[in-house]
Every structure is written in C-alpha cells, then in structure tokens.
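Participant: how would this look folded up:
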Amino acid sequence: MGWRCLFYQHRIYHSSNRGGIMRSVRWNVSSIHYFSIDGRERHISLDLNSVNIITGASGTGKSAIIKTVDYCLGSSECDLPDHVVQHASAVGVKWAKDGQQIFVARLLPPPGKTTSPRMFLEIGGNIDVPQDYRAFRGPTSLTTAKETMKGLFGIGDARQQTESPDVMGDRIGIRQFTPYIFLSKGVIDSETVLLHGLDDKEKADDIVGSIPYFLMAVDERSIDIERKVRGLKKAIEIEADKWEKASGVHNESRAKALSLISEAAEVGILPSQGIIDDDIKIHDILREITRWTPADDMDQYGTELDRLYREKDAVLQDITDIRQKIRQASETHDVAHRFQGSTDRQLDRVSVIESLHLNGNLDTCPVCNSPTPETKEEIRRIKGSLSRLRAEKNAVQKSLPQLEGYVKKLKIRLSDKTSNLKIIDEQIKAAFEQSEAVEKTKSVHDQALRVSGRVSYYMEVEYTEPTHNFFKLEDLKRKLESLLENYDPESKEIAIRYAEGEISRYATEILSILPAVAPCAGAEIRFNARKPDLTIVEKESRRPIRFKSIGSDQNYLAIHIALLFGMQRFFAKSGSPVPGVIFIDQISRPYFPQEIDRDEVEIIEEDEDTQAMKQHFDFLFNEVLEQYGMQAVILEHAYFGKDKRYREATKERWTRKSGDRLIPVDWPPARP
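Facilitator: Alright, predicted model coming up:
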C-alpha cells in the first residue's frame, strides 16, 4: 500500500449535460419506485448533485424512503411501514453515476415473512423502468445482487479485519457504507448513536471492521498482507517459545554428552578432546565411543576366563544333577526296602491258608467239615492276595541290588566331578594370580565397557537435536521479512490518524457555521475512527467533552450533520467507494414538537428557531454546490415557501389538504 493514502489528490469534478441528462462523478440516487399489485407505478425523481426535499404531514410515508433504499441495498429484513408492505408488491431504486445507471428492485415479503430474497438488477446507460413489476429484467438472488452492486460501487474483494489472524473476517460490501449515507430519525439528534446501525450489535461489528477500508487506510492487498503478517507473527511467537524450551532441554543434554566424552577420555577409549562447541562434532564423537572395542590381549584374557567360568559352571551343574539323582535313587531304595518288609509281614499272616490245604473242596469248613458255601468266595480272594504279594516280593528283591549299584556309580561320578571342580578353581586362581598388571587392566577394561554402554544408552534414549524447530523458525522469519519489504505495518495507523485528522478538521469547520449552543459553539470536533467515537474540545477552556455528555438536541443535530458531511468530504477527496448521497430525516426535529399527527409546517414568519433551521439548509445548499458529486435528500415537515432554492429543491409535498402521499390511497391491497 505504501504511503499513497497519506497524500490524496483533490479530484477536480466537471459537470456535463449530455442530451439533457445530468451526470455525477459519484453515485447518486436518480429515482425511487413503488409498484402496485395491479400494474401501477409510483416514483420520486431526484436531481443528481443537488439538494432534494420531500415535505409532508405525519403518516404520509416520508420515513419509508430511507427504509426503501436500505431494503434495496440488501438489508436482511424489511423495515418498511406496514401500509407500504400491504399495498405495494415491489420497490426499486435507480442509481446514477457519470452516465451509468443501476436499477435494483426487490419484491416485498409475502404474508408471514420478514423479507424476500427475490431481487432484480439491471445495468445500463439510460434504463427505462417498467411500470409493472412483473416486467422487471435481470432476476437475481439477494446474495448475487449484493455482490454485483458491490463491484459496481467500486468495493473490492476485501474482508473486514479481525483481532485473530486465524479468523477470516466477513467480506466488506454495500451493507457497510449505509452509516455514511443515512441520517435516520433514530440518529440525527441522538445523544447515544453516532452513526446509523451502530445501535445494532450485529451490524456494529461489521461497520467498525470495515471503517479502515472506507477511510482508504487499507485496501484489498494490504488487508490480506496484514492478516498474513499477524498470522506469521503469532506463528513465530509460538515457534520461538518451542525453540526456547527445546534449547533448554538440548543444553542439558549437551552438558551430559560432554561429560560422557570426558569420562571416555579418562578410561582410555579416546584421547582428550579439549573444548568442543560444534553439536555435529559432539554427535560424531559419541558415535565413535559406541563403536569402541577392547584390545586383542584383553580379548584373549577375557576369552580364557570366560571359558574357565563356563567350564566351572558346567561342572557345578553336573554335580548338582548327580546329587539330585543320588538323592532320588536313595529315596527309591528306602521306599523299596520298606515295602519288602511290609510284604513279608503280610505273607506271614496269610500263609496259614496253605496249612489248611484248601486246594480241593472249598464248600465245607476245613475244621469241622460242615457245609460253608458262603466262605468259598472269601477264601478265593485270600488266595489271590497271597499270589500277588509273592509276586511283588520277588520284584522288589530283584530291584534292590540294581538301585544299590546305580547309587554306587553316581557317587563315583560325583567324586570325579568334584575333583574336576578343584582343578578348574586352581586354574582360575592361577589366571588371576599371573600378575597385578592383568588385574589392573581388567579393571580399566570394565570401566571402559561401562562408559561405552552409558554412551550407547544416551544416544538411543536421551540425545536431542534442535535443528528442526530452528529451521522452521528461521523460515517463518524469512517469510515475514519478505512480506514487510512491500508493507509498512505502521502505514495503516498513520493513514487512520490522517483520516481522523482530516474528518475532524472538516467537521469542525462545518460545525462553526451551524447553529449550536454551549459547549459546542466554536468547539473543535475530534473524531476517533477506531471505536468509532467523538469528543468535542470546548473553545475557551480546551476541555474535552464526551459525545454522550454534550447536551441539547440542537447540538446533537449540528454534530451529526457536521460529522457526516465532513466524512463525505473526505470520501470524495480520497476516492472512497462510499456513494455521494446523504438521506436526512427531518432537520426540524429539534425545533418543532414531535406531535403524532402533524401537517406540513410552512414557514412564513421567521423566528429564532426557524432562523436556526435556515442555517442548516443554507449549509446544505452551499455544501452540495461546492462539493460536486454530492447529493442530499431531505425528508421534512417544514417548508420554506419564501426561499427560492428551497422551493426549487422540493420534489414532493404531501399535505393534508392535497391528500398526496407516498402510496396512493386507491392502490388495492397487495396481500390477502
């Protein structure tokens, strides 16, 4: 964006009258249209680059004009008075600028709805508006109509600025310039609402977010760059924090690495390294330590001891196994011996059966020869037991000598293994007693192995490298530097301060020629675009007074007119896409009592209040004349019949006597 916003060039405007058509270098409203259900059309023609006045009694529809223009600018809801909605089917507005025209129309909501998305948009050099709304050309949707008009009015594809770089603001469009073209009845003498729409929280956020764009402090490119700059700064802050934490961990790890390298030098794994500052070199040295192996003589010495220890372990295991077998065989021998004794005792008890000679007749008693058939089975079982006992005795008698021989052999093997163990112990002892140097070498060897093992564990588990985060941080910084080469972050603030200063100067100049009372008489206006807000600085005391504390409806009327026309001066000077028109709803509001049913007031004899009103109208006529491309549309109760300029500027008079009104009384209902 550079510094272009700081040095605006005054544009020199030239009027032309080609074919009787007045042209304007800024967008003005050429006409406002209303359409009945039965094919009739009612329109209000307005002069470009001029003051246009519509006077009339209360309830004749004057306040609907601002709402009609707002509705055709794509408002989300239809706020038109019920009488208009009930008797009109559609409304339209024709805009004109330098021979180009835009006619935009919108259907009024159907019953039960608050809005209608159906719009019509026609662009041309001399548009002929049809009398019947059913003949509208260029049907389109609400969204498309707003986007198309946005481009026609000169608003680029810019987004509102947000506090978060991660959040994309809404696109700036025609809805955001309405605060600068409407002085509605809720604003014109308000002590709380500075601009139209700021009393609506949803609208206010969009208005505030788009102010820098309409003040030409930013453009589409600078908004996008600023969003990227803020995003990169946030990313750099996050990455720098990660880098700082990672660096702390790495420094601890680096200190441990240097300590391990020093230990490795002490045990002879590598020579002393001195001071090492290079992380890559530290890494290479640590890897070298993990690949260290002992000398050949130490390998031979260690191999012999390992062999003797393995041989000793094998002999000890054999001794343990032999002793286990001896114990098991002895236990088996004891069990067999005890079983043999038990068998002998049982044989002695049942041997009496043999003495009875029962091999023959088992049906008579062997003592008295009496018949005893019941003892036959018992005697048979006793004889069977006797046979089994003899067989078991024979088996035990055969196994006992075998067990005794087996135990004897095991004891001989045990004696041999014990002798071998003594020999191996002597060999191990001899190996250790060969020399003190060997023992010392073994100690150093063990220490070196421990250091090498610790380094290996460190490299696998604890070692950290900060290079990834560092490179990412440097890359983000390079991207930020690249963006800042063509963008000055302070230029936006400088441009906003410049715009605030210019608008404040214009508004102060305008206030000085408008009727006002203390503390505004001769006061200085200071506009703050960031909130937005306004304070005045009292003339004598130089005391700042907040907007809400100024007091007097007359003062608030003067301040609102001074501010809005001051902003329009700046818009014209800077080439802002804000249209060059202001709709004003009743300058006479602070001067006449606001009765519900009041006819047009024709000013015949002037008093203090009417003279004050006259000052406002004098300013409007002079301002519009001097600022070519500017248009004012004033909705009024008052009518200055003696003022030629006022008479010629009056486009409509809707008095009680004439019966004229915005919507003719004979229009049929458009809604069932």
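
Participant: quick one: which helix or strand includes the closest residue to G124 other than its chain neighbours?
Facilitator: Excluding the flanking residues, the one nearest G124 by C-beta to C-beta, 6 or more residues apart in numbering is Q101, at 5.7 Å. (Each C-beta comes from the backbone N, C-alpha and C, glycine too.) Assigned by DSSP states H and E, Q101 belongs to strand 100-107.

Participant: next helix or strand past that strand?
Facilitator: Next along the chain after strand 100-107, taking DSSP H and E as the criterion, comes strand 118-124.

Participant: hmm, back to that, the residue nearest to G124 is in contact with L121, isn't it?
Facilitator: No: taking contacts as C-beta atoms under 8 Å, Q101 lies outside contact range of L121: 11.4 Å.

Participant: more neighbours: these two, which one.
Facilitator: A direct count of neighbours by other C-beta atoms under 10 Å for Q101 and L121 places L121 higher, at 22 against 18.

Participant: so how far is S141 from that one?
Facilitator: 10 Å (C-beta to C-beta, to the nearest Å).

Participant: low-confidence regions, the stretch 351-500 of the chain specifically.
Facilitator: Within the stretch 351-500 of the chain, the stretches with pLDDT under 70 are 351-399, 432-442, 460-470, 489.

Participant: that one: helices as residue ranges?
Facilitator: With DSSP state H, counting those that start in this stretch as the criterion, the stretch 351-500 of the chain has helices at 352-355, 376-432, 436-457, 467-484, 489-511.

Participant: strands along the stretch 551-672 of the chain, start to end?
Facilitator: 581-585, 601-602, 631-636, 638-639, 650-654 (DSSP state E, counting those that start in this stretch).

Participant: which strands border the longest one, and is each parallel or antiparallel?
Facilitator: In its sheet, strand 631-636 lies beside strand 51-56 (parallel), strand 581-585 (parallel), with partners assigned from DSSP bridges.

Participant: now do the longest one: everything it contacts.
Facilitator: Taking C-beta atoms under 8 Å, 6 or more residues apart in numbering as the criterion, the residues outside strand 51-56 that touch it are 44, 46, 62, 65, 600, 617, 620-621, 624, 631-639, 645-646, 649-655, 660-661.

Participant: CA atoms of that strand as CSV?
Facilitator: Below are the C-alpha coordinates for strand 51-56, written out as CSV (Å, rounded to 0.1, in the frame of the first residue of the first chain):
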residue,chain,number,x,y,z
VAL,A,51,-30.4,19.1,-2.7
ASN,A,52,-33.7,17.3,-2.9
ILE,A,53,-36.5,18.0,-0.4
ILE,A,54,-39.7,16.0,0.3
THR,A,55,-42.1,17.6,2.7
GLY,A,56,-45.3,16.4,4.1
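
Participant: so it versus strand 650-654, what angle?
Facilitator: 10 degrees (axes from the mean of the first three to the mean of the last three C-alpha atoms, to 10 degrees).

Participant: what angle sits between the next helix or strand after strand 51-56 and strand 631-636?
Facilitator: Next helix or strand after strand 51-56 toward the C-terminus (DSSP H and E): helix 64-72. Here helix 64-72 points in a direction 130 degrees away from that of strand 631-636 (the same axes, to 10 degrees).

Participant: contact partners of the helix or strand that comes right after helix 64-72?
Facilitator: Per DSSP H and E, the first helix or strand lying C-terminal to helix 64-72 is helix 82-87. Contacts to helix 82-87, defined as C-beta under 8 Å, 6+ apart, come from residues 34, 36, 61, 64, 68, 78, 91, 108-109, 662-663, 667-671.

Participant: make it 6 Å
Facilitator: A64, L108, I663, W667, P669, A670, R671 (C-beta atoms under 6 Å, 6 or more residues apart in numbering).

Participant: what is the helix or strand that it is followed by packed up against?
Facilitator: Moving toward the C-terminus from helix 82-87, the next helix or strand (DSSP H and E) is strand 90-97. Contacts defined by 3 or more C-beta pairs under 6 Å, 6 or more residues apart in numbering; DSSP states H and E place strand 90-97 against strand 28-35, helix 64-72, strand 100-107.

Participant: helices or strands up against the second one?
Facilitator: Based on contacts counted as 3+ C-beta pairs under 6 Å, 6+ apart, the elements that helix 64-72 packs against are strand 90-97.

Participant: the strand it packs on vs helix 64-72, what angle?
Facilitator: Relative orientation of strand 90-97 and helix 64-72, computed by the same axes, to 10 degrees: 80 degrees.

Participant: using PDB, list the CA coordinates for strand 90-97.
Facilitator: Provided in PDB are the C-alpha atoms of strand 90-97 (Å, rounded to 0.1, in the frame of the first residue of the first chain):
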ATOM      1  CA  ALA A  90     -42.200  -4.300  -5.000                       C
ATOM      2  CA  VAL A  91     -39.900  -1.400  -4.500                       C
ATOM      3  CA  GLY A  92     -36.900  -0.200  -6.500                       C
ATOM      4  CA  VAL A  93     -34.100   2.400  -6.600                       C
ATOM      5  CA  LYS A  94     -32.200   3.800  -9.600                       C
ATOM      6  CA  TRP A  95     -28.600   4.800  -9.000                       C
ATOM      7  CA  ALA A  96     -26.700   7.000 -11.500                       C
ATOM      8  CA  LYS A  97     -23.000   8.000 -11.900                       C
END
